[in-house]
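[1] need a 3D model of the following:
(one chain, ligands or ions: 1)
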Amino acid sequence: MSVTLADLSEQTLSSTWPDTLELTLDGIAQGGEAVGRWQNRVVFAAGGIPGERVVVRLRERHESYARGDVIDVLLASPDRVAPRLPGASHMPWQHIAFDAQQRLRRQILADQLAKFAGVDPAVVEATAFASKPWEYRNNTRLHCDGRRIGYYESNTRSIAELDHDPLLHPVLNEALAALRSALADELDDAPPLEVTLRVSEAYGYCIAALRGRGDRRSLAARWRARCPVLAGVVFTVPPPHMLPPLGADTLVEELADLTFLLRPTTFFQVNVAAAATLLNLIRAGLGDEARGRLLDLYCGAGAFTLPLARNAIEIVGVEEYAGAVADAERSAAVNHISNVRFITGSAEAVLANLDGPFDAVVLDPPRRGCHPRVLHALIERAPRRIVYVSCHPATLARDLKTLIAGGYAVVRATPVDLFPQTPHIESVVALMRAGSAQV
Ligand SMILES: C[S@@+](CC[C@H](N)C(=O)[O-])C[C@H]1O[C@@H](n2cnc3c(N)ncnc32)[C@H](O)[C@@H]1O
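    Below is the predicted model:
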């Protein structure tokens, strides 16, 4: 059972919440917390696993529900494992065995789609393994308050310093160690900094983007001198203070036998194996229509667009970030792909004036999902297939409800474990226009 706040009826309650309470956990929430009940009220317990008897210290109290952290496990689940980095807020599922994480992902997705879009749980497949459990991230964004570097603690701006992140590709940990050493020589009043790092899995080097006030070229130069795997640093300071890059500003990566040229701040999937898994699921969802005229909305740097172009008559990619479109166009050119066209703009604005028709559409929106204008324009254009790649089950369920009401049926939904040790759920949903024969 997964529980959302929408489940919680407002009840009139006499008793107040204690500081700590003991309860049995029997569900999982979309955000990854385990769920139990105390005096008919719902408790979201971070650090718990369904089936466990635990003690929870509450940190947020409402009339009908509370949130807290497991501080003692009285009866442990067989799925409980020792966390590698106790307390690290960027991997809240590290206490759950890898296989059990996959079962929970499927359960959360199936529950959300059934509850909010009326999708039959039987069409939700087992989670597809996409990333290895550790060292899978090819990019990261860190925060630095001048000298200390790490991730923000959840829901705060306070930095949890980090020596080594077990989720990062080893090259990124090497770059992080060198940056920490370079930062030690900064002045005490050095301004804060946001650091984006991206590794080329194919070639074993990385590039970085530094965003923050002031001229950080001397920091970047010290960092590069101490870090042989760092090929370049770009400075993402807004004009007129724009600075030229130090070294390379573009990373070369390989995916699906194609070469991709990526700047550090362009969106790209969390690793190449994950991108390939998503691509396989997209191809399966497109069926025979993969050979027709395709539209790829929210296409980023073309990670799906360019491989799909191989079999398509033609494909149009739409993306609102001009930098990603520039990367996609450069990648199309180096791979000699000419049946692709990229359009810079928001999907909702571009769709209104786009020539068609399209046999199938791929959607990969950010967490907030699709603008209603996008969904209604698609329903009107009526492509035979739609493949929806989602990073947020709740907005996916909301959008599927609209598409189903507009004449589409969900053929298959597959959760994908892009981000092990976290409750993040990526999924690929194949839809077909009702009345179309299934291929
Ligand atoms: C989840 S990423 C997917 C990128 C790409 N499909 C890939 O796999 O690399 C979502 C992309 O949508 C873009 N985006 C966000 N809002 C948009 C909008 N309203 N219209 C078009 N693109 C948008 C973001 O810049 C980002 O590149």
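[2] quick one, phi psi at residue 288?
    The phi/psi pair for residue 288 (degrees, to the nearest 10) reads phi -60, psi -20.
[3] any idea how far residue 384 is from it?
    For residue 288, the distance to residue 384 equals 9 Å [CB to CB, to the nearest Å]. Where C-beta positions appear, they are placed from N, C-alpha and C, glycine not excepted.
[4] if you count surrounding residues, which of the two has more?
    Neighbour count, other CB atoms under 10 Å: between residue 288 and residue 384, residue 384 has more, with 22 against 11.
[5] if I look at the more buried one, how far off is the ligand?
    Distance of residue 384 to the ligand, given as CB to the nearest ligand atom, to the nearest Å: 21 Å.
[6] got it, and residue 353?
    14 Å.
[7] what's near enough to touch the residue in the chain positioned nearest to the ligand?
    Closest residue of the chain to the ligand, CB to the nearest ligand atom: residue 300 (2.7 Å). For residue 300, the contact set (CB atoms under 8 Å, 6 or more residues apart in numbering) comprises 266-268, 319, 321, 324, 328, 364.
[8] so which strand or helix has it?
    Under DSSP states H and E, no helix or strand contains residue 300.
[9] now the residue positioned nearest the centre of the chain: how far from residue 175?
    Geometric centre of the chain, nearest residue: residue 391, 5.3 Å, by CA atoms, centre = their mean. As judged by CB to CB, residue 391 and residue 175 stand 25 Å apart.
[10] got it, and residue 150?
    In terms of CB to CB, residue 150 sits 14 Å off from residue 175.
[11] next one: residue 82
    The gap separating residue 82 from residue 175 is 28 Å, by CB to CB.
[12] higher neighbour count, these two?
    With other CB under 10 Å as the criterion, residue 82 and residue 175 differ in neighbour count, and residue 175 comes out ahead with 28 against 7.
[13] pretty sure the more buried one sits in a helix.
    Yes. Under DSSP: H, G, I helix; E, B strand; the rest coil, residue 175 sits within a helix.
[14] surely it touches residue 206?
    Yes. At 5.3 Å, residue 175 and residue 206 qualify as touching, with contact defined as CB atoms under 8 Å.
[15] give me the common contacts of those two.
    Joint contacts of residue 175 and residue 206 (CB under 8 Å, 6+ apart) are 197, 229-230.
[16] tell me how many other residues surround the residue nearest to residue 189 when sequence neighbours are not counted.
    In space, residue 189 comes closest to residue 146 once its chain neighbours are excluded; the distance is 6.9 Å by CB to CB, 6 or more residues apart in numbering. By other CB under 10 Å, the residues close to residue 146 number 15.
[17] quick one: residue 146 and residue 184, what's the gap?
    In terms of CB to CB, residue 146 sits 11 Å off from residue 184.
[18] before we move on, what about residue 231?
    Counting by CB to CB, the gap from residue 231 to residue 184 is 23 Å.
[19] between these two, which one's more packed in?
    More crowded of residue 231 and residue 184, by other CB under 10 Å: residue 231, with 20 against 9.
[20] could you list the domains of the chain?
    For the chain, the structural domains run 5-80, 100-132+269-433, 139-253, going by automatic domain parsing.
[21] most tightly surrounded among the ones you listed?
    Highest mean neighbour count among these (mean count of other CB atoms under 10 Å): domain 100-132+269-433, with a mean of 20.
[22] where's that domain relative to the chain centroid, distance-wise?
    Centre-to-centre, domain 100-132+269-433 and its host chain are 13 Å apart (CA atoms, centre = their mean, to the nearest Å).
[23] now do the end-to-end distance for it.
    Domain 100-132+269-433 has an end-to-end distance of 34 Å (criterion: CA to CA, to the nearest Å).
[24] mean confidence score for that domain?
    Per-residue pLDDT over domain 100-132+269-433 has a mean of 97.
[25] what's near enough to touch residue 191?
    Residue 191 sits next to 146, 212-214 when contact means CB under 8 Å, 6+ apart.
[26] cool, and residue 282?
    304, 308, 362, 387, 389, 428 are the contacts of residue 282 under CB under 8 Å, 6+ apart.
[27] my guess is the last one contacts residue 418. True?
    Which is residue 428. No. Assessed by CB under 8 Å, residue 428 is found out of contact with residue 418, at 10.7 Å.
[28] need phi/psi at residue 56.
    Per degrees, to the nearest 10, the backbone of residue 56 is at phi -120, psi 130.
[29] quickly list what it is bridged to.
    residue 21, residue 70 (DSSP bridges).
[30] tell me the contacts of it?
    Applying CB under 8 Å, 6+ apart to residue 56 gives the contacts 20-23, 36, 43, 45, 48, 68-71.
[31] for residue 363, phi and psi?
    Dihedral angles for residue 363 - degrees, to the nearest 10 - are phi -120, psi 130.
[32] thought residue 294 was touching it, still the case?
    No. Residue 363 lies out of contact with residue 294 (CB under 8 Å); the separation is 11.7 Å.
[33] so which helix or strand takes in residue 389?
    Element membership of residue 389, judged by DSSP H and E, is strand 385-390.
[34] contact partners for the residue nearest to residue 421 when sequence neighbours are not counted?
    Spatial nearest neighbour of residue 421, chain neighbours left out: residue 91 (3.8 Å); criterion: CB to CB, 6+ apart. Taking CB under 8 Å, 6+ apart, we find residue 91 in contact with 83, 85, 166-167, 421-422.
[35] around the ligand, pick out the residues from the chain.
    Residues of the chain found near the ligand (CB under 6 Å from any ligand atom) are 267-269, 298-301, 303-304, 318-321, 324, 346-347, 364, 366, 391.
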